[in-house]
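A.B. asks: Sequence and predicted structure below; questions after.
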Amino acid sequence: MPRVLLLEDDEDSLDMLSMILESVGFDVVGASATSNAVTALTRGTFDVVLADLLVDSTDLERSWNRIDELVRLAAPTPLGLLTAWPIKQDQIHAHGLAFALAKPCSTESLLGRLSSTLALPALTAQQQATLGEYFAALERQDWDALVALCTEDVIYHLPGSHPEFAGEVRGRAAFRQFSIDTFAKFLEPTFRIFTMRALPRGAVVEYEGHWRDADGVRYKLPGSVMFVFEGDLIAQIGVRVDPSRLQSLLAS
């Protein structure tokens, strides 16, 4: 299980990022101050360090000096930044960073960058087949085949505020009925898969979905899905789409 040292001084952000990373199989050690991160690096080893830039101070020069110290302490472990401060490409190289992501950052972008940085093992042929069949079953609206890919206690969750499509669904039977109800509104669905990337316990799939409404008007919306596996079965499904765009399309 890859270990991540996460340096973030905003408590809510630290908790949220830890929860996301732990849910897909990372072992997260959180640090709310640079001194805590220094202590963690001198006492333990990590596979990757993820840090905000302006921690402890809003003085930019001081903050970069602290990042340089963390890069030296962590070496050869890669260190990446997740920060609202604009980072130029030459700064990434000058400070020995593995990458820099701008806040706000989508979950799939963060997980994709961590996956490529860590060079995680490729998905097995069976896992790739399972993911392909998941989207094929949705296109065929073959609900029995869909839930057969999942564990009995599968969890499906879609964050957001839409009253119909946000929330959490637990168990095969509930997930089957939820899928039936949902795709009664998204007719003739098709999915164009762009990437499948491994996570410690699963995968993230980026796609573009197409469908038509009852009047025959066709729509498309990009999105991504995070999967957690138990063996070759799907144990968790986390859908990520732009909720404001989804609501706009449904209202049009």
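C.D. replies: Perfect, thanks for sending it. Residues are numbered from 1 along each chain as shown.
A.B. asks: helices and strands around the helix or strand where Ala145 lies, which ones?
C.D. replies: Using DSSP states H and E, Ala145 maps to helix 143-148. Applying 3 or more CB pairs under 8 Å, 6 or more residues apart in numbering; DSSP states H and E, one finds that helix 143-148 contacts helix 125-140, helix 172-183. Just so you know, the C-beta spots here come from the backbone N, C-alpha and C atoms, and that holds for glycine as well.
A.B. asks: wait, which of those helices is closest to Phe194?
C.D. replies: helix 125-140 (11.8 Å; CB to CB).
A.B. asks: Next, the angle from the closest one to helix 172-183.
C.D. replies: Per axes from the mean of the first three to the mean of the last three CA atoms, to 10 degrees, the angle that helix 125-140 makes with helix 172-183 is 50 degrees.
A.B. asks: one step back: tabulate the helices and strands packed on helix 143-148 (JSON lines), appending mean neighbour count, distance to Val228 and mean pLDDT.
C.D. replies: Output for these, formatted as JSON lines (neighbours: other CB atoms under 10 Å; distance: least, CB to CB, whole Å; pLDDT from 0 to 100):
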{"stretch": "helix 125-140", "mean neighbour count": "16", "distance to Val228": "11", "mean pLDDT": "97"}
{"stretch": "helix 172-183", "mean neighbour count": "15", "distance to Val228": "14", "mean pLDDT": "94"}
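A.B. asks: How is Pro121 assigned, secondary-structure-wise?
C.D. replies: At Pro121, secondary structure determined by DSSP: H, G, I helix; E, B strand; the rest coil is coil.
A.B. asks: scratch that, Thr39
C.D. replies: Assignment for Thr39 (three-state DSSP): helix.
A.B. asks: dump the residue contacts of it.
C.D. replies: With contacts defined as CB atoms under 8 Å, 6 or more residues apart in numbering, Thr39 has no neighbours.
A.B. asks: Below-threshold pLDDT in the chain: ranges please.
C.D. replies: 159-167, 242-252 (pLDDT under 70).
A.B. asks: Next, the buried residues of the strand or helix carrying Leu6.
C.D. replies: Following DSSP H and E, one finds Leu6 within strand 3-7. Neighbour-count burial for strand 3-7 flags Arg3, Val4, Leu5, Leu6, Leu7 (criterion: 16 or more other CB atoms under 10 Å).
A.B. asks: Can you spell out which helices and strands pack onto it?
C.D. replies: helix 11-23, strand 27-31, helix 34-43, strand 48-51.
A.B. asks: re the thing from before, how about the buried residues of strand 3-7 in CSV, adding distance to Leu118?
C.D. replies: Shown next, in CSV, are these (distance: CB to CB, whole Å):
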residue, distance to Leu118
Arg3, 10
Val4, 9
Leu5, 13
Leu6, 14
Leu7, 17
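A.B. asks: Could you confirm Phe229 falls within a helix?
C.D. replies: No - assessed with three-state DSSP, Phe229 is strand; it does not lie in a helix.
A.B. asks: can you tell me which residues contact the closest residue to it other than its chain neighbours?
C.D. replies: Using CB to CB, 6 or more residues apart in numbering and skipping the chain neighbours, the partner closest in space to Phe229 is Gly202 (4.9 Å). With contact taken as CB under 8 Å, 6+ apart, Gly202 is in contact with Val24, Gly25, Met226, Phe227, Val228, Phe229, Gln236.
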